[in-house]
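[1] Structural data only, the sequence is not supplied:
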């Protein structure tokens, strides 16, 4: 009897097992050596904004833990989606990571982001939330949120507010508030919170809807904070009520998160998750978070991914309720 076919099959099986072992060994060695050069971190917002400040601190600490520098690269525009798209399209080798705004769950459905947040990213950590608020110039005749609402009702569509981009958290949050207050506002989009702030300080718009870029200017007496958007009042501005306290059932905290392209080696992802877990817990990051009134909302990568999927479903409902597709086209 000829045993050649059986021997050939045996050789094929052994060859396949050897190749698998080689790949596994290569992956293990790669993960053990990682990182052996600097890492690029894509921040989808302009330099100087609150998200940029917090991400830079996290990267400094995480880089120290990993033993390699993490260089922040600002890719601003399209309400954070230019940077998000670049991250999704990057090589999944652990040397390009970045901030993932939770608004990817909205913009993917609106068509602004050509990526699916449910499957096109490797999630590493949710880090902190943001304290959003409505601020006006200190010399504005609008002293309270009631003044703001009354003025808007008397002047439909004439009261302007600056925000960090159409469809982003500040825009959507303000439109949620406007719907709850039964008022019509005129939104003025900017490329980021820092530019929106300058629009208000320069007298180009009536109000600012943003995360706490307004905080130092409120403390300096240049801006007046009318309301914040969190579950509770912020410690630094405890005299300022929340929207919910004032009768508007609107809560926005838009947590920041960190991720990488899909397909990242699990061992590399584990190293990055551990580094950013330690970075979020560091005294340096806590100091910056306190300065920015940013509550710590840490979640490890797998739990963060579950959170993103849940928010995606909520955004599906919100898009229809606020008619965001129509707003995006206007």
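    Nice, I can see it. Everything quoted here is computed from the prediction, not taken from an experiment.
[2] Now do stretch 136-143: distance from first to last residue.
    Stretch 136-143 stretches 9 Å from its first residue to its last (Cα to Cα, to the nearest Å).
[3] Name the residues of it that are buried.
    136, 137, 140, 142 (16 or more other Cβ atoms under 10 Å). Glycine gets a C-beta too; all of them are placed from N, C-alpha and C.
[4] do stretch 205-215 as well
    205, 206, 207, 208, 209, 210, 211, 212, 213, 214, 215.
[5] my guess is the fifth one is in a helix, correct?
    No - according to DSSP: H, G, I helix; E, B strand; the rest coil, residue 209 belongs to no helix; its state is strand.
[6] Wait, it touches residue 163, no?
    Yes - judged on Cβ atoms under 8 Å, residue 209 makes contact with residue 163 at a distance of 4.8 Å.
[7] Can you check which residues contact both of the two?
    Counting by Cβ atoms under 8 Å, 6 or more residues apart in numbering, the contacts common to residue 209 and residue 163 are 170, 171, 174, 196.
[8] And the strands in the stretch 51-200 of the chain, which stretches?
    For the stretch 51-200 of the chain, the strands defined by DSSP state E, counting those that start in this stretch cover 70-74, 96-99, 121-128, 133-137, 160-163, 186-189.
[9] could the ones you listed be laid out in CSV, adding distance to residue 304?
    Shown next, in CSV, are the strands of the stretch 51-200 of the chain (distance: least, Cβ to Cβ, whole Å):
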stretch, distance to residue 304
strand 70-74, 19
strand 96-99, 12
strand 121-128, 4
strand 133-137, 25
strand 160-163, 25
strand 186-189, 28
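[10] Output those as TSV; include the columns mean pLDDT and distance to residue 255.
    Formatted as TSV, the strands of the stretch 51-200 of the chain follow (pLDDT from 0 to 100; distance: least, Cβ to Cβ, whole Å):
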stretch	mean pLDDT	distance to residue 255
strand 70-74	98	19
strand 96-99	98	11
strand 121-128	97	5
strand 133-137	98	17
strand 160-163	97	18
strand 186-189	94	22
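[11] Quick check: which of those strands is nearest to residue 299?
    Of all these, it is strand 121-128 that lies closest to residue 299, at 3.9 Å by Cβ to Cβ.
[12] what's that closest one packed up against?
    helix 50-66, strand 257-261, helix 266-280, helix 283-291, strand 296-300, helix 301-321 (3 or more Cβ pairs under 8 Å, 6 or more residues apart in numbering; DSSP states H and E).
[13] hmm, who's touching the first one?
    Think helix 50-66. Outside helix 50-66, the residues that touch it by Cβ under 8 Å, 6+ apart are 35, 39, 41, 43, 45-46, 69-72, 74, 99, 101, 127-128, 130, 193, 211-213, 256, 258, 271-272, 274-276, 278-280, 282, 284-285, 288-289, 292, 294.
[14] Helix or strand, whichever it is, which one in the protein has the lowest mean pLDDT?
    Here the helix or strand of the chain ranked lowest by mean pLDDT, DSSP states H and E is helix 4-33, holding a mean of 60.
[15] circling back: JSON lines for the shared contacts of residue 209 and residue 163, including pLDDT and neighbour count?
    Shown next, in JSON lines, are the shared contacts of residue 209 and residue 163 (pLDDT from 0 to 100; neighbours: other Cβ atoms under 10 Å):
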{"residue": "170", "pLDDT": "92", "neighbour count": "30"}
{"residue": "171", "pLDDT": "91", "neighbour count": "25"}
{"residue": "174", "pLDDT": "96", "neighbour count": "24"}
{"residue": "196", "pLDDT": "94", "neighbour count": "27"}
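[16] could the residues you listed be laid out in CSV, adding distance to residue 182?
    Listed next are these as CSV, based on distance: Cβ to Cβ, whole Å:
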residue, distance to residue 182
170, 20
171, 18
174, 14
196, 25
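[17] Helices - which of the residues you listed land there?
    In this view, these that belong to helices under DSSP state H are 170, 171, 174, 196.
[18] What is the burial count for residue 249?
    9 (other Cβ atoms under 10 Å).
[19] ok, and the closest non-adjacent residue to residue 262?
    residue 120 (5.2 Å; Cβ to Cβ, 6 or more residues apart in numbering).
[20] how close does residue 43 sit to residue 276?
    Distance, residue 43 to residue 276, by Cβ to Cβ, to the nearest Å: 14 Å.
[21] So residue 121 is in contact with residue 99, correct?
    No - using Cβ under 8 Å as the test, residue 121 is too far from residue 99 to be in contact (11.1 Å).
[22] May I see the buried residues of stretch 283-290?
    285, 288, 289.
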